[in-house]
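A.B. asks: The amino acid sequence is not available; the structure is as follows:
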């Protein structure tokens, strides 16, 4: 059973298992996702994708498609109208990973690149018209080579989020000390391209009302999307409204707009009617991002008694021909362990593929697979327990920044995880542990993830019917944001959750953060609390000034709000009155407050190092007679600050672990070397973890508040659960089979070769 530290006497709405307030709407079908919206006269759009990955579009024959019944238009470069390029801005605004607007030129850079768009009365008519479009190309051999070699990039490259130095981190003399080290590991680890596959397909419904563009879109960032589209269509920002009330998950693939979004808007502009565009499952493998393939060389040097003396992490990732997404595999390397000599560098290899993108735990997840695997190999060569090896190399501070950690309890994660898993019973000899005729393998690895906040704003209302409304233009991608904001409002007012209305997913609301980096929850806390404080302050002014109020003659500082009642502090809540009674006495429908919080994440001059930490212990079972490998159980321990809702928190870690099993054993997007197409572009061929593959997952939270993040000490937990789990599983595979797999996913061929 998954657990967390929690007082049974806790009466606060925070820190308690709380059911999702949006759950009933989802299970009854009342929750409307982007593609559920219908409007009078709405048309349907289907993109036409290139059937080469490298070359030029010479001509398009749209005549037959245009004559088909129900077809309203076939749009292409010659008739779609102007779509501008957007320009990036600081603070995660106007971010898009495929900066080139659709149809901007005739150069084809990846299979599936959109070359036309069919618009018709029905989806079936649009699909038939798209299939009828004929294209002629000049074709060149695509480069989708799996082996990566770094290109001759400059020392500083301009990535999607800004400039990045290729010598990412260094201290001491890592090369010389490695050469002289008593014990060495020098291995290369490979992770494949992985494709986001949320059940909800990317979808956009676009409609124009004169100069106003309105979109219902499956986006993880309504505010960012509004900014991008305003630039792409030359509009004032206030003329664009983006709505995303519910998402069927995103895993990072829906953080930023892809080419289908401006295509839908341009089509609606062209035909003068609402247009719906839903990306097909096959297109999801081509044109809406994927996790980059990585190739990482890790060199570790240590003394014979297990002290690290050198760590070198040199990685390469693949990327598209035009775009500049940076897969930051070295994010956690510089601070995770104490080592006096360190160097982290990266290189890039361009390929004829669609743009790479953030995917749950971008950078750190493949990076920690490599470094934690190397740590396990070093522990084996030292004949040390891998848990004790990590504890021995625990840093006193962030050695990359020479700053203290805001909160770090990694050693406790390791010791609690070892105790809960039963690690002391592990026999380190390969293949030595048996149960029910199966060979057991036990492995472990550590985890880390960034912490901080994005900028956020919120609005808070106390109403004369006793309800509360809290609003923010962030979005709930299925992680429980609706519920967290309701809990925050309840914490501030004492109003029960069933009387709290939460409004999210609409760019017309106060600006909110993207649902990325596991930073949304930590970001909205200060904004919501400031807004609540302002609303309560207004209520107190009303309490001491409204004719007939029992608080006339008091100062506002004499009063408090608790349990939904206003009272004199010296007398206690029992003698107070419901806040709605006060509002009605003053003939006020509501009092309101606004709150704003600044961005603290990615501060170039931090005072402390802010991260979350954790570890995973994994058991696999191996049946050599049938070559059957399964993950049998997992124990995960997380140091992720104060956990506001352990129920949804455990769900996040468990879901991440399930995804990590896929990373270790199943997931890989492969590209055809002849034409550059993704080969396994369906959920029948792209294998993900399903219920039958998911073992018992025991999650524990240490629950130490980190007040450097926000006043509740809460950090994000959506992604750290995926960090490290693949390395724990491959370590368990080695313990069971004796085979050390360094290229994911593990295959049966690896184990029986």
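C.D. replies: That came through, no problem. What you are looking at is a predicted structure, and each value in this text was computed from that prediction instead of being measured.
A.B. asks: ok now stretch 621-634, how far from the chain's centre?
C.D. replies: 30 Å (C-alpha atoms, centre = their mean, to the nearest Å).
A.B. asks: go on, stretch 120-140?
C.D. replies: 33 Å.
A.B. asks: just stretch 548-560 next, same as before
C.D. replies: Counting by C-alpha atoms, centre = their mean, stretch 548-560 is centred 46 Å from the centre of its parent chain.
A.B. asks: Sketch out the low-pLDDT regions of this protein for me.
C.D. replies: Within the chain, the stretches with pLDDT under 70 are 1-10.
A.B. asks: what about the longest helix in it?
C.D. replies: helix 520-545 (DSSP state H).
A.B. asks: next SSE after it?
C.D. replies: Using DSSP states H and E, the helix or strand that follows helix 520-545 in sequence is strand 559-562.
A.B. asks: Quick check: buried residues in that next one?
C.D. replies: 559, 561 (16 or more other C-beta atoms under 10 Å). For glycine as for every other residue, the C-beta is placed from the backbone atoms N, C-alpha and C.
A.B. asks: Verify the stated contact: residue 173 with residue 342.
C.D. replies: No: with contact defined as C-beta atoms under 8 Å, residue 173 does not count as touching residue 342 (9.9 Å).
A.B. asks: who has more neighbours, these two?
C.D. replies: Each of residue 173 and residue 342 has its neighbours counted (other C-beta atoms under 10 Å); residue 342 has more, 25 against 15.
A.B. asks: Can you show me the helices along the stretch 151-300 of the chain?
C.D. replies: Counting by DSSP state H, counting those that start in this stretch, the stretch 151-300 of the chain has helices at residues 174-180, 222-232, 260-271, 281-284.
A.B. asks: who wins for proximity to residue 593 among those helices?
C.D. replies: Residue 593 sits nearest to helix 222-232 of all these, at 20.2 Å, using C-beta to C-beta.
A.B. asks: Report the distance from that closest one to the chain centre.
C.D. replies: For helix 222-232, the distance to the chain centre is 20 Å (C-alpha atoms, centre = their mean).
A.B. asks: Then stretch 12-20?
C.D. replies: Distance, centroid of stretch 12-20 to centroid of chain: 23 Å (C-alpha atoms, centre = their mean).
A.B. asks: Need the residues that contact it.
C.D. replies: Applying C-beta atoms under 8 Å, 6 or more residues apart in numbering, the external contacts of stretch 12-20 come out as 6-7, 10, 26, 480, 482-483, 487-488, 490-491, 497, 642-648, 703, 712.
A.B. asks: Identify each buried residue in it, please.
C.D. replies: So, applying 16+ other C-beta under 10 Å, buried residues of stretch 12-20: 13, 14, 15, 16, 18, 20.
A.B. asks: Secondary structure for those residues - can I get that in CSV?
C.D. replies: Below are the buried residues of stretch 12-20 laid out as CSV (DSSP: H, G, I helix; E, B strand; the rest coil):
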residue, secondary structure
13, coil
14, coil
15, coil
16, coil
18, coil
20, coil
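A.B. asks: Generate a markdown table for the residues you listed, with distance to residue 678 as supplementary columns.
C.D. replies: Shown next, in a markdown table, are these (distance: C-beta to C-beta, whole Å):
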| residue | distance to residue 678 |
| --- | --- |
| 13 | 45 |
| 14 | 44 |
| 15 | 44 |
| 16 | 44 |
| 18 | 40 |
| 20 | 34 |
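A.B. asks: So which of those residues is the closest to residue 746?
C.D. replies: Nearest member of the buried residues of stretch 12-20 to residue 746, counting by C-beta to C-beta, is residue 20, at 34.4 Å.
A.B. asks: so how far is residue 215 from that closest one?
C.D. replies: 26 Å (C-beta to C-beta, to the nearest Å).
A.B. asks: Also residue 469?
C.D. replies: Residue 469 is 24 Å from residue 215, by C-beta to C-beta.
A.B. asks: Neighbour count for the two, which is higher?
C.D. replies: residue 215 (27 against 17).
A.B. asks: Thought residue 204 was touching that one, still the case?
C.D. replies: Yes: taking contacts as C-beta under 8 Å, residue 215 lies within contact range of residue 204: 6.0 Å.
A.B. asks: Name the residues contacting each of the two.
C.D. replies: Joint contacts of residue 215 and residue 204 (C-beta under 8 Å, 6+ apart) are 261, 264, 265.
A.B. asks: and which of the residues you listed is nearest residue 208?
C.D. replies: Once C-beta to C-beta is applied, the member of these that ends up nearest residue 208 is residue 265, at 8.0 Å.
A.B. asks: Now the closest one: closest residue in space, sequence neighbours ignored.
C.D. replies: Of all residues not flanking residue 265 in the chain, residue 206 sits nearest, at 4.4 Å (C-beta to C-beta, 6 or more residues apart in numbering).
A.B. asks: Could you do residue 558 as well?
C.D. replies: Nearest one to residue 558, counting by C-beta to C-beta, 6+ apart, is residue 568 at 5.6 Å.
A.B. asks: Please apply the same query to residue 157.
C.D. replies: Per C-beta to C-beta, 6+ apart, closest to residue 157 is residue 164, 5.7 Å.
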